[in-house]
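# Output the structure for:
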Amino acid sequence: MRKGITFVEIIVSAIILATAIAGIMATFIATRRMVTKGTERVTAANLVREKLDSLYQAVRADHWNLGIGDLDPGYDHTNDYVAGVAYQGNCTVANVAGYDYRRVTMTVDFDIPE
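Numbers count the residues shown, from 1 in each chain. This is a model prediction of the structure:
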């Protein structure tokens, strides 16, 4: 009887090895997608924070009730491109009836590539 590895054993071990490598690669691809989505969400949050910082400065300024500046009731639309991704920002400032403050509503839309 001969000792050694048969061709069938080599094929079976190659299939097992290929399956294991495919599983590892799928894990890397899924992780990459999750990191990309997280990065884009953080970028969107930073764009909102940047706009809120400018509004904060307007609140601290002397022109709060003069109808000028960023806190003037109305609508503002911005487009920003960061790392090739388009972010569309919407900011609405509205007076609140009966109170001396304003309601600010902000949204940022962006497409997450697959």
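
# Going by residue numbers, what spans are helices in this structure?
Taking DSSP state H as the criterion, the chain contains helices spanning 7-60.

# which residues are contacting the strand ranked longest in the chain?
If you go by DSSP state E, the chain has its longest strand at strand 85-95. Residues outside strand 85-95 that contact it (C-beta atoms under 8 Å, 6 or more residues apart in numbering): 40, 43-44, 47-48, 51, 55, 70-81, 102-111, 113. In this view, the C-beta of every residue, glycine as well, is placed from N, C-alpha and C.

# Name the residues of it that are buried.
For strand 85-95, burial by neighbour count (16 or more other C-beta atoms under 10 Å) applies to 85, 87, 89, 91, 93.

# what's the answer for stretch 26-36, then?
Under 16+ other C-beta under 10 Å, stretch 26-36 has no buried positions.
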